[in-house]
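**Student:** need a structure here:
(chains A and B)
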Amino acid sequence: MSVVHRVRLPRDASPLVEVGHRVEPAEVLATRRAPRGGAAIPVALPLRKSAADAARFFTVRPGTLLDAGAVLAEDERGHQVRVVEACLFLGYDRDDGSALVAPLSGSEPILGHVRGEVVALDADAIELRVAGALVAGIGGSGGAVHGELRVAVREPAEELRAGMIDIGATGRIVVGGSRASAETLTRARAMGVSGIVLGGILDKELRDFETTQQRRREIGGVRGDFSVLLLEGFGKVGFDPGLFAWFKSHEGKVASLFGDEARLYVYDADPPPARRSLPRPGDRVIAHRRPHAGQGGELVRVLDRLHASASGVVARAGLVRFEDGHTAIVPLSNLEATEPLPGG
Amino acid sequence: MAVSAEMALLIDVGSAWAKASVIGRVRGRWRLVAHAAQPTSWGATMLRSALVDQLTASADPRLAEHLDDLLAGANRIECHTARRLARLAIVAVSREISGSAARRAAEAAGWHVAEVVTLDDGRSLSDRLATLQAADVDAWLICGGFDGTRSPRALEAAAHVASARRSGGGPVVWAGVADLAGEVADLFEPDALTTVASPRPDARRDEPAPLRTRLGELLREIVTTEDHAHLASVAFPRAIGALAAASGLRILGVDIGARSATRALAETNGTVASRVHARGGLSGTVLVPGAAGRVARIAGDAGDEAAVADLLQTLRARPSTLPQTPEELSGTQAAARVQLGSLLEEGAVGPLDVVIGAGRTFAAAPHPAQAARMLLDGLRPIGITQLAVDAASVLGPLGSLDDDEIREGIALLGEDLLVPLGTAVVCRGGEPGRLAMRVTVHRPGWPILNPIEVRTGQLHVVALPRGQEAELIVEPAEGVNLGAARRSPRILANATGGSVGLILDARGIPIALPRRSDDRREVLAGWRDVLQREAAAGSERVA
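**Tutor:** Residues are numbered from 1 along each chain as shown, chains lettered A, B, ... in the order given. Alright, predicted model coming up:
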């Protein structure tokens, strides 16, 4: 099984790979020279013009990238203003006669963060074919990280507690359960965990964690190398048992996690249990809304008539026997069928 | 034997839900004979099957075996939500002035604002440029500087875009100082830039209309390649306009979808001003600053702020699911009220004759009083206003027809077109607990009731079933008004009935809620109960 991952390239990036190259998560796919802070370059003064008059003598337009020593302005007598280092020309202040430029950094790497083969390359993006499985979530936080998968809870509905994060989780992507508190996330980050995959999380706790991380980043305390992926729902929501079993069977596999994009690539992995809307009787299902959010079971039958749930909303519904033994009538729109694992 | 039946299929395919209605000839009249709604992902076959199931129970038995074929061959009148979001990056001088004005105009034109960068947003220059270089957008909007000034900062904003955007990387709109348009145009390849008047020409004036119009045109030019007339955001306002022209009434239609919301204000001559709010749908509530707290506060019974925050995220992540618990339903409807309020943030629309709510949140409300409450609390329509719901989601499909056919469709469907909820009398002003208005209700053929005294903060409901009319004499107290200047202390008006009745609402604009949470919950529950309680004919309910 393979999936395609797209790495978007900023303008003026220089690709270092070609179609057919095999790349690793930490491999540099392209480089770029990013603008740093702004700097003012006097223009009117060296040209001996008034600030307003000097505006006529620019040889480049704002937005242009300039190499070190390139001519920024030149008057009719051949007097020139050059930039001393590579920079991005941003604008000219007609009041003080100076140009605003953003000097460019040294070469900065652009990583793919996935293991795969380059299958397409153009000015906008590099596309990589990843041999493995893609698990798509419904939310998340953080940039790209990679590491081995480590399942930290025993049951899909178990909460990931701070005490479950130990030194063995360092550098790994921890697969947790139905919830992780902001304290657990903070500890995970402090222990060097690469990322966490959860069935559910309270939105407030995720936001609180993001806020503290943002503040720490602003004061230079942490780098953006920790990600969270949310698979099932917001609140205390357990994993689909089938998907949890799939993670257990792939423990130790290397994976790349993109929190902000809510995606997880697991290398050399079988496909995860597929999901399908509109389940049929006999299907294994996962429920998505309270009071059954995250609970798995079997759709016993679809009711002949429309059914009003406790909220009063009328919809097509089915009788579900959940794995904890209880049965309930659930709107079909709140259920997804999950395909069983081969041999499962 | 060939079997035939006169029927048509009206279909509204939304981003999360697909709705279909069948209209057919019943004893010589066109009637709405079946309606079904389901998640869009379930597909057309399932939708037709649901309609067939309904028709089987009521149609001529001779047609039973042929219903599927008949529906498959029926005339289809369809509208749909735009298949993809149009993404825009905004670069402006200031966050609070040009940036916020640009964002409001863009969202009101239907754009999804993917990035907003302002020169005072606290980020470093390199962070701003990196953000823009990473932006994957269809178009760019630059805004800043006041008319009559020369703003180097506005030029700097333009240079940000010039340095981040690739040549040919989407159209650029300059909505800044007019005198700088030539210089800004020079930053881009020929024909890349169009110029439009600034939405903030000075510190005190907001003039978003030209920018909104231009962005609306741009949306159609570069993103909406599909058949324009069949877009729900176009068709719904056309139907509202035709309805206003046919009835001679001033009508506000609001369609709250999963992703976006459409607001259409139609004057009595049929002219319509419409806006599409890209984040105005239920899934966009989570993006409203402080939304969880607001929803928890105005719902009263949806749980605490943390629970509501999870609900709002669920509405974003799983838009085709339904609330199963009363708490989630309450939170969802409160979210709709927040979004309705946002639709009118750019200014009051003035007194209206009719307000129509459309979208699944209204259509699927278990009790008509809940739909009425969303409209009343979200929009606060001052004055005397009829409330109705497009329960069968037929306005969108009808609006995709030619002008003549829209009028014909509205006339043919008659009473099946909308579900009237009743009439609301909403006043503003007054002292808490003091008399706000005295209303005398006279229903032909009924005994004359004593005038009803409504105190500020109160909500009364008088039973007035669908099809009935009543004459009202409204006497606002000192300092209380119904939105229009009046020469007489008495206002005479007619009210039409509906599934909720006549609603006398003196809760103020905006609604004033107690600060203490227990008091607030009690007040909110009282208003909910008075609207929902089944009243015996002629009785009053008060809270």
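
**Student:** burial count for residue A:328?
**Tutor:** Number of residues near residue A:328 (other CB atoms under 10 Å in any protein chain shown) recorded here: 17. From N, CA and C alone the C-beta is placed, and that goes for glycine too.

**Student:** correct me, but it touches residue A:292?
**Tutor:** Yes: counting by CB atoms under 8 Å, residue A:292 is a contact partner of residue A:328 at 6.3 Å.

**Student:** can you count the residues close to the residue of the stretch 401-543 of chain B found nearest chain A?
**Tutor:** The stretch 401-543 of chain B approaches chain A most closely through residue B:532 (10.2 Å), counting by CB to the nearest CB. Counted with other CB under 10 Å, residues neighbouring residue B:532 total 17.

**Student:** mind listing what it touches?
**Tutor:** B:367, B:369-370 (CB atoms under 8 Å, 6 or more residues apart in numbering or on different chains).

**Student:** Tell me where the stretch 151-300 of chain A is predicted with low confidence.
**Tutor:** A:220-224 (pLDDT under 70).

**Student:** and what of chain B?
**Tutor:** B:1-5, B:223-226, B:346, B:486-487, B:534-543.

**Student:** And the residue of the stretch 301-450 of chain B closest to chain A?
**Tutor:** residue B:366 (2.9 Å).

**Student:** Count the residues that sit near that residue.
**Tutor:** Other residues lying near residue B:366 total 17 when counted by other CB under 10 Å.

**Student:** related to what we said a few turns ago, give me the distance between the residue of the stretch 401-543 of chain B closest to chain A and residue B:327.
**Tutor:** 16 Å (CB to CB, to the nearest Å).

**Student:** One more: residue B:174?
**Tutor:** Taken as CB to CB, the span from residue B:174 to residue B:327 is 48 Å.

**Student:** higher neighbour count, the two?
**Tutor:** Neighbours per residue (other CB under 10 Å) separate residue B:174 from residue B:327, with residue B:174 holding more: 27 against 20.

**Student:** mind listing the strands for the stretch 301-450 of chain B?
**Tutor:** Remark: strands assigned in the stretch 301-450 of chain B by DSSP state E, counting those that start in this stretch are B:354-358, B:383-389, B:419-426, B:428-429, B:435-442.

**Student:** from those strands, which stretch is densest packed?
**Tutor:** strand B:354-358 (a mean of 27; mean count of other CB atoms under 10 Å in any protein chain shown).

**Student:** Sheet-wise, list the partners of that strand with their directions.
**Tutor:** Looking at strand B:354-358 with DSSP bridges, its partner strands are strand B:251-256 (parallel), strand B:383-389 (parallel).

**Student:** between that strand and strand B:419-426, how many degrees?
**Tutor:** With axes from the mean of the first three to the mean of the last three CA atoms, to 10 degrees applied, the angle from strand B:354-358 to strand B:419-426 works out at 130 degrees.

**Student:** from the chain's centre, how far out does strand B:354-358 sit?
**Tutor:** 8 Å (CA atoms, centre = their mean, to the nearest Å).

**Student:** Could you do stretch A:327-335 as well?
**Tutor:** Taking mean C-alpha positions (CA atoms, centre = their mean), stretch A:327-335 and its chain are 31 Å apart.

**Student:** Then stretch A:287-307?
**Tutor:** 31 Å.

**Student:** near chain B at all, that stretch?
**Tutor:** Yes: Stretch A:287-307 comes into contact with chain B (CB under 8 Å from any CB of the partner chain), by way of A:288-292.

**Student:** What about those residues, which are in helices?
**Tutor:** Within the residues of stretch A:287-307 next to chain B, no residue falls in helices by DSSP state H.

**Student:** Excluding sequence neighbours, find me the nearest residue to the closest residue to chain B within the stretch 1-150 of chain A.
**Tutor:** The minimum distance from the stretch 1-150 of chain A to chain B, using CB to the nearest CB, falls at residue A:63 (2.6 Å). Setting aside the residues directly before and after it, residue A:63 is nearest to residue B:162 in space (CB to CB, 6 or more residues apart in numbering or on different chains), at 2.6 Å.

**Student:** what about that neighbour, neighbour count?
**Tutor:** 27.

**Student:** Doesn't it belong to a helix?
**Tutor:** Yes: under DSSP: H, G, I helix; E, B strand; the rest coil, residue B:162 sits within a helix.

**Student:** OK, contacts around it?
**Tutor:** A:61-64, B:187-188.

**Student:** Now a PyMOL select for only the buried ones of the residues you listed.
**Tutor:** A single PyMOL command is used to select the members of the contacts of residue B:162 judged buried by 16 or more other CB atoms under 10 Å in any protein chain shown:
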select buried, (chain A and resi 62+63+64) or (chain B and resi 187+188)
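
**Student:** got the end-to-end distance for stretch A:20-29?
**Tutor:** Using CA to CA, to the nearest Å, the span of stretch A:20-29 from its first residue to its last is 13 Å.

**Student:** In CSV, list the C-alpha atoms belonging to stretch B:234-247.
**Tutor:** Output of stretch B:234-247 as CSV, limited to C-alpha atoms (Å, rounded to 0.1, in the frame of the first residue of the first chain):
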residue,chain,number,x,y,z
VAL,B,234,-27.1,32.5,-5.6
ALA,B,235,-30.3,30.6,-5.9
PHE,B,236,-31.5,31.2,-2.3
PRO,B,237,-31.4,35.0,-2.5
ARG,B,238,-33.2,34.8,-5.9
ALA,B,239,-36.0,32.9,-4.4
ILE,B,240,-36.2,35.3,-1.5
GLY,B,241,-36.3,38.2,-4.0
ALA,B,242,-39.1,36.6,-6.0
LEU,B,243,-41.1,35.9,-2.8
ALA,B,244,-40.8,39.6,-1.7
ALA,B,245,-41.9,40.8,-5.2
ALA,B,246,-44.8,38.4,-5.2
SER,B,247,-46.0,39.3,-1.7
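
**Student:** What residues does the stretch 101-250 of chain A have near chain B?
**Tutor:** Residues of the stretch 101-250 of chain A lying close to chain B (CB under 8 Å from any CB) are A:102, A:105, A:123-124, A:138-139, A:202-204, A:207, A:233-235.

**Student:** Tabulate these (CSV), appending secondary structure and distance to residue B:283.
**Tutor:** Below are those laid out as CSV (DSSP: H, G, I helix; E, B strand; the rest coil; distance: CB to CB, whole Å):
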residue, secondary structure, distance to residue B:283
A:102, strand, 37
A:105, coil, 38
A:123, coil, 33
A:124, coil, 28
A:138, coil, 12
A:139, strand, 12
A:202, coil, 19
A:203, helix, 14
A:204, helix, 19
A:207, helix, 17
A:233, strand, 14
A:234, strand, 13
A:235, coil, 17
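
**Student:** Could you tell me which of the residues you listed count as buried?
**Tutor:** A:102, A:138-139, A:202-204, A:207, A:233-235.

**Student:** before we move on, the earlier item: tell me the two of the contacts of residue B:162 that are most distant?
**Tutor:** A:64 and B:188 (11.9 Å; CB to CB).

**Student:** For the residue nearest to residue A:167 when sequence neighbours are not counted, give me its contacts.
**Tutor:** In this structure, residue A:167 finds its nearest non-sequential neighbour in residue A:191, 6.9 Å apart by CB to CB, 6+ apart. By CB under 8 Å, 6+ apart, the contact list for residue A:191 reads A:165-167, A:169-170.

**Student:** again, only using 10 Å
**Tutor:** A:162, A:165-172, A:174 (CB atoms under 10 Å, 6 or more residues apart in numbering or on different chains).
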